[in-house]
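Asker: Kindly generate the corresponding structure for this input.
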Amino acid sequence: MTASKLKVTQVKSSFGRLARHRACLVGLGLRKVGHQVVLENTPSVRGMVNKVEYMIRVEEA
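Answerer: Numbering: from 1, shown residues only. Reported below is the predicted structural model:
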């Protein structure tokens, strides 16, 4: 069985956001608006996604 993956895209800037939220974007591997990464669907990744959901778009990959 393969683990599910998430495709995460940054759609809003991190400028002026809380330091914890910027740290979540760095932890997810996102650098700038429009950048996409594919990540494993783990509880730690899901927690970071939930914290910054207003700045990203998430799809099943």
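Asker: Measure how buried the nearest residue to residue 5 once chain neighbours are set aside is and give me the count.
Answerer: Leaving aside its sequence neighbours, residue 5 sits nearest to residue 61 (CB to CB, 6 or more residues apart in numbering; 4.0 Å). The way it works is simple: take the backbone N, C-alpha and C, and place the C-beta from them, glycine included. A count of neighbours around residue 61, defined by other CB atoms under 10 Å, yields 13.
Asker: residues in contact with residue 61?
Answerer: The contact partners of residue 61, taken as CB atoms under 8 Å, 6 or more residues apart in numbering, are 4, 5, 6, 7, 38.
Asker: which residues of this structure fall in strands?
Answerer: 5-10, 36-40, 56-60 (DSSP state E).
Asker: Of those strands, which stretch is the most buried?
Answerer: Most buried of the strands of the chain, by mean neighbour count (mean count of other CB atoms under 10 Å): strand 5-10, with a mean of 18.
Asker: Which residue ranges of this structure form helices?
Answerer: Secondary structure of the chain (DSSP state H): helices at 19-28, 43-51.
Asker: for the longest one, the distance to its chain's centre please.
Answerer: So that's helix 19-28. 8 Å (CA atoms, centre = their mean, to the nearest Å).
Asker: got the angle for that helix vs strand 36-40?
Answerer: Counting by axes from the mean of the first three to the mean of the last three CA atoms, to 10 degrees, helix 19-28 lies at 80 degrees to strand 36-40.
Asker: Just the buried positions in helix 19-28, please.
Answerer: By neighbour count on 16 or more other CB atoms under 10 Å, the buried set for helix 19-28 is 22, 24, 25, 28.
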